[in-house]
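> Fold the following and give me the result.
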Amino acid sequence: MPCVLVVEDDPSIRASLMEILAEHGHAVRSTGDGFGALREVAQGSVDAVVLDLGLPDLDGGDALRMIRGISNVPVVVATARDDESEIVKLLNAGADDYLVKPFSGAQLLARLSAVLRRTAVPAAVAGQAPPADPSSPVTVGELTVDPPARSAYLAGRELVLTRREFDLLAFLARHAGTVVSRHRLLAEVWQEAYIEDQTIDVHVSALRRKLGERASAPRYLRTVRGVGIKLVAPH
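Take a look at the predicted model:
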């Protein structure tokens, strides 16, 4: 059952869209602002986004570009702007489709079905690697993390890590290239609902030092402000 994120600041419109989607078999999540949308997308739990452009904290176009920086999730833009140049700009910025307000529930469902069909391409067909086996070593740039051996090497040099530092690095390596939210780190690395924010920051800072980088000059660990952190190969 595809999960659709509705990003709409008007509570009545948001409730109406959620009702239509739920009635036609979709799981639905919602938020009323752009940064909320980024947090939801970063968690990797949605299959499509319906994005309003008139958001209180971010212009919808900026929100779209930020979503594209962290995910390939299909995005259908809902806009009152029917100017052709504006629509072209949105499509070039990464929108998969658009709807001009007001639109019917039937049109929304048809557009969503179409983008979900287009993007539901098996990884092997798309030329992408399948998700990493949690028990297999992962290599990102010159960094290699071996979960079964609980060892990590940078350019052939073994890193001396605490248990939690290794768990954090291994999790980020398995999801290399994807922004991982603090919420997800809490649930899957710390396996706790709440810890002090500084706890994650301290461990990330320690990893940075051992990877030979600084927050002001990151190489492997990239922070996306207000969203989360991702591990990438240095350019």
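
> residue contacts, the one residue sitting closest to the centre of the chain?
For the chain, the residue nearest the mean C-alpha position is Ala42 (2.7 Å; CA atoms, centre = their mean). Counting by CB atoms under 8 Å, 6 or more residues apart in numbering, Ala42 makes contact with Ile70, Ser71, Val179, Val180, Ser181, Arg184, Val224, Val227, Gly228. C-beta coordinates here come from the backbone N, C-alpha and C atoms, glycine included.

> So among these, where is pLDDT lowest?
By pLDDT, Val227 ranks lowest within the contacts of Ala42, coming in at 77.

> What is the burial count for that one?
By other CB atoms under 10 Å, 22 other residues sit near Val227.

> Am I right that it is in contact with Glu40?
No: the criterion here is CB atoms under 8 Å, and Val227 misses it with Glu40 at 10.0 Å.

> Please pull out the lowest mean pLDDT helix or strand from the protein.
Using mean pLDDT, DSSP states H and E, the weakest-scoring helix or strand in the chain turns out to be helix 182-185, at a mean of 80.

> Packing partners of that helix?
Counting contacts by 3 or more CB pairs under 8 Å, 6 or more residues apart in numbering; DSSP states H and E, helix 182-185 packs against helix 197-210, strand 228-231.

> can we see that at 10 Å?
In terms of contacts (3 or more CB pairs under 10 Å, 6 or more residues apart in numbering; DSSP states H and E), helix 182-185 is packed against helix 34-42, helix 163-174, helix 197-210, strand 228-231.

> what about the strands in this protein?
Residue ranges of the strands in the chain, as given by DSSP state E, are 3-7, 27-31, 48-52, 75-79, 97-100, 138-140, 143-146, 151-154, 157-158, 180-181, 221-224, 228-231.

> For the fifth one, which helices and strands make contact with it?
Looking back up the chat, that one is strand 97-100. Against strand 97-100 (3+ CB pairs under 10 Å, 6+ apart) you get strand 48-52, strand 75-79, helix 84-92, helix 105-119.

> wait, which of the ones you listed is closest to Glu165?
Of all the helices and strands packed on strand 97-100, strand 48-52 sits nearest to Glu165, with 33.6 Å by CB to CB.

> hey, C-alpha coordinates of that closest one in CSV?
This file holds the C-alpha atoms of strand 48-52, laid out as CSV (Å, rounded to 0.1, in the frame of the first residue of the first chain):
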residue,chain,number,x,y,z
ALA,A,48,5.1,9.8,-3.1
VAL,A,49,4.6,13.5,-2.1
VAL,A,50,1.8,15.9,-2.9
LEU,A,51,3.5,19.3,-2.4
ASP,A,52,1.7,22.6,-2.0
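
> orientation of that strand relative to strand 75-79 in degrees?
Per axes from the mean of the first three to the mean of the last three CA atoms, to 10 degrees, the angle that strand 48-52 makes with strand 75-79 is 20 degrees.

> Would you mind getting the angle between strand 48-52 and strand 27-31?
30 degrees.

> Switch the helices and strands packed on strand 97-100 over to JSON lines; also include distance to Ser151.
JSON lines is the format used below for the helices and strands packed on strand 97-100 (distance: least, CB to CB, whole Å):
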{"stretch": "strand 48-52", "distance to Ser151": "39"}
{"stretch": "strand 75-79", "distance to Ser151": "40"}
{"stretch": "helix 84-92", "distance to Ser151": "45"}
{"stretch": "helix 105-119", "distance to Ser151": "37"}
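
> Since that was my last question, I'll sign off now.
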